[in-house]
Structures are given as structure tokens and as C-alpha cells.
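S.K.: next input, structure requested:
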Amino acid sequence: MGQNQPTALRRAVSLLKALWTVSVIVATTAIGAHAGWLGHGIVGSLALGFVGLVAGCFLSRPSLLAELLT
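M.R.: Residues are numbered from 1 along each chain as shown. Okay, the predicted model is just below:
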């Protein structure tokens, strides 16, 4: 029964993974939205923000990106 309980280390790793995922997705979305705003206004901001969101989803899980590329 001791193996099923999460340890402090596992909790910390899970927290870091969640923070990494959120920060990468927010950063890539913001970069895309900013680039779109500068180049094409509100429509470009929405479009490139969405592209940044999708890119952030792939970058937050490098194993998924590597699987798609191979």
C-alpha cells in the first residue's frame, strides 16, 4: 500500500510538469498573438495566437513532438 501513495518527490515532479506545460503554452500563445498583432492587426493576432497555442501544446511535450517527426 505504500507504493500507491504519492511521495513528496512525485508531487514536486507533477507540479513542475504542470507549471512547465502551462508556461510554455502561455508563452507561445503570447508570442504568436504579439507577432500577429504587429503584422496584421486583430485578425492576425487571433490567428497566430491560435497557431502559438497549438505549437505550445507540441513543445510542452517533447516526446509527442519526437513521435510525430519520426
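S.K.: the spatially most central residue of the chain: what's its closest spatial neighbour, skipping adjacent residues?
M.R.: With the centre of the chain defined as its mean C-alpha position, the nearest residue by CA atoms, centre = their mean is residue 25, 2.9 Å away. Leaving aside its sequence neighbours, residue 25 sits nearest to residue 56 (CB to CB, 6 or more residues apart in numbering; 3.7 Å). Any C-beta I mention is one placed from the backbone N, CA and C, and that applies to glycine too.
S.K.: and the next element down the chain from the helix or strand harbouring the residue nearest to the centre of the chain?
M.R.: In the assignment (DSSP states H and E), residue 25 maps to helix 8-60. Downstream of helix 8-60, the next assigned helix or strand under DSSP H and E is helix 62-69.
S.K.: packing partners of that following helix?
M.R.: The contact analysis (3 or more CB pairs under 8 Å, 6 or more residues apart in numbering; DSSP states H and E) places helix 62-69 against helix 8-60.
S.K.: avg pLDDT for the helix it packs on?
M.R.: Per-residue pLDDT over helix 8-60 has a mean of 93.
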